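>>> Any chance you can model this:
(one chain, ligands or ions: 1)
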Amino acid sequence: MSTVINGLTKKFNHVEALHIDEITIETGEFVAILGPSGCGKTTLMRILAGFETPTSGTVYMESQCVSDANTVVPPEKRNMSLVFQSFALWPHKTVKEHAEFPLLHDRFMKKLDKDARIARVDEILEIVGLESMGHRYPNQLSGGQRQRVALARALVAKPKLMLMDEPLSSLDAELRVEMRKEIQQIHRLTKTTILYVTHDQSEALAMADRIVVMKDGKVEQIGTPKQIYAKPETEFVATFVGKANLVHGQWEEGQFIPKYADHSVRWSDEEVAERFKDKGIFPVRPEQLELVKEGTGILGVVTSVQYQGKEIHYTVDVQGETFFVHGNLFTVFGIGDEVIIQKNK
Ligand SMILES: Nc1ncnc2c1ncn2[C@@H]1O[C@H](COP(=O)(O)OP(=O)(O)OP(=O)(O)O)[C@@H](O)[C@H]1O
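Take a look at the predicted model:
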């Protein structure tokens, strides 16, 4: 279901918690809303779900206005489902009963006879990998299996939009990574439009077709994971999504001369956003830099060394500024070594 948000604001006691100019989510897309705590992610989700009234602006779902300051179509009339961080399962219902519930009560679902219901429940339990656990109760399941029950319940009535608010945050680190793949697989199989709220950048980068990065209630940048990582448009995006060095210097005829480097050092423009150029900044990822013993570049002193298995993470002090550099395992530097930082890619 396509969803169009326009001029959407929400104030709590005169304080603006949300101010979004425009976001369009296409049918079948998997869009992640990414931002730190308090940036307005949940407020946006609650407006999209129909739990909260916007102060101004509109939300259209498939060309119907579902939210503005005067009208709010209630959640049950929106043909969508919700998955929150607490799975909200019923202790007295089995896995199958959870999956069957929306088929009996969802107003968008054509009423099915018993055989059709059983077939649909079996189908959805197979999609989420719970086909052998239909008769178990929530307390007989692991955290990941409970999350799958919540997913099965959310998907069984074939909603056109699924809103997921930090759905993996109560799982341990290993299971979170495993469940990412499961959710992607479910998205491929069902083609449901998914709006997925997270504060975990690796989750957003790994799963989404597009990411909306938010800060202080506003959109900082919208783009594919690759665009967001490789071509950040603001300092916040560059440093919140992965690590970045915001190197200061001078832009001259499309080339960048880093401060603290010999004047002969020039980095070629890699479609750096105008906003950075105006501020005399070149955002560089740690893996785009390397350390050498001799040559031209930025002179610094190694201040920390962290072995990471396939690479080494360094911090380098350059006249009071810290640079983050990832190095290979062949040339290893130690704390206190004088090094030259060069840009490799
Ligand atoms: N009912 C409310 N009354 C007053 N202020 C609120 C209310 N709900 C949210 N806020 C404020 O609005 C801002 C956005 O909150 P929101 O819960 O949307 O952020 P979030 O990005 O989801 O954060 P988190 O990741 O911590 O859940 C915060 O400053 C919050 O304090």
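>>> Which residue ranges make up the domains of this structure?
Here the domain assignment for the chain is 3-229, 243-343, based on the TED database.
>>> a markdown table for these, including mean pLDDT?
Output for the domains of the chain, formatted as a markdown table (pLDDT from 0 to 100):
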| stretch | mean pLDDT |
| --- | --- |
| domain 3-229 | 90 |
| domain 243-343 | 93 |
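>>> what's the closest of those to the ligand?
domain 3-229 (3.1 Å; CB to the nearest ligand atom). No exception for glycine: its C-beta is placed from N, CA and C like everyone else's.
>>> Could you work out the end-to-end span of the closest one for me?
25 Å (CA to CA, to the nearest Å).
>>> do the same with stretch 225-239
Using CA to CA, the two ends of stretch 225-239 sit 14 Å apart.
>>> just stretch 240-259 next, same as before
Stretch 240-259: ends 23 Å apart by CA to CA.
>>> can you tell me if that stretch touches the ligand.
No: against the ligand, stretch 240-259 shows no contacts by CB under 6 Å from any ligand atom, the least distance being 12.6 Å.
>>> Please list the outside residues in contact with that stretch.
Here stretch 240-259 makes contact (CB atoms under 8 Å, 6 or more residues apart in numbering) with 34-36, 201, 204-205, 211, 213, 215, 228-229, 232, 235, 238-239, 261, 263, 265-269, 272, 276-277, 280-286, 289, 298, 323-324.
>>> That one: which residues count as buried?
240-242, 244-245, 247, 249, 251, 256-258 (16 or more other CB atoms under 10 Å).
>>> Then stretch 75-85?
75, 78-85.
>>> Which ones among the buried residues of stretch 240-259 lie within helices?
The helices, defined by DSSP state H, take in residue 240 from the buried residues of stretch 240-259.
>>> From the buried residues of stretch 240-259, pick the one nearest residue 96.
Closest approach to residue 96 among the buried residues of stretch 240-259 (CB to CB): residue 241, at 40.4 Å.
>>> tell me the pLDDT at that closest one?
Per-residue pLDDT puts residue 241 at 92.
>>> got the contact list for residue 159?
79-81, 108, 192.
>>> Could I get the contacting residues of residue 342?
Here residue 342 is in contact with 289-292, 295-298 (CB under 8 Å, 6+ apart).
>>> Quickly list what it is bridged to.
Beta-bridge pairing for residue 342 (DSSP bridges): residue 290.
>>> next one: residue 247
For residue 247, the beta-bridge partners under DSSP bridges are residue 282.
>>> Most tightly packed of the domains of the chain?
Mean neighbour count, computed with mean count of other CB atoms under 10 Å, is highest for domain 3-229 among the domains of the chain, reaching a mean of 18.
>>> does any bit of that one sit next to the ligand?
Yes: shown here: domain 3-229 in contact with the ligand (CB under 6 Å from any ligand atom) through 12, 17, 35, 37-43, 199.
>>> any idea how far residue 45 lies from residue 214?
Note on residue 45: its distance to residue 214, by CB to CB, to the nearest Å, is 11 Å.
>>> hey, what's in contact with both of those two?
Contact criterion CB under 8 Å, 6+ apart; residues shared by residue 45 and residue 214: residue 33.
>>> Check the chain for me, the residue farthest from its geometric middle.
What lies farthest from the middle of the chain is residue 294; by CA atoms, centre = their mean that is 40.2 Å.
>>> Please name the residues that touch it.
Taking CB under 8 Å, 6+ apart, we find residue 294 in contact with residue 340.
>>> Secondary structure of it: a strand, I assume?
No: under DSSP: H, G, I helix; E, B strand; the rest coil, residue 294 falls outside any strand and is assigned coil.
>>> tell me which strands and helices whichever helix in the chain runs longest is in contact with?
For the chain, the helix with the greatest residue count under DSSP H is helix 173-190. Other elements packing on helix 173-190 under the criterion 3 or more CB pairs under 8 Å, 6 or more residues apart in numbering; DSSP states H and E are helix 114-127, helix 143-155, strand 193-198, helix 201-207.
>>> Reformat these as TSV; add distance to residue 224.
Converted to TSV, the helices and strands packed on helix 173-190 look like this (distance: least, CB to CB, whole Å):
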stretch	distance to residue 224
helix 114-127	26
helix 143-155	24
strand 193-198	15
helix 201-207	10
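>>> That's all I had, so thanks and see you.
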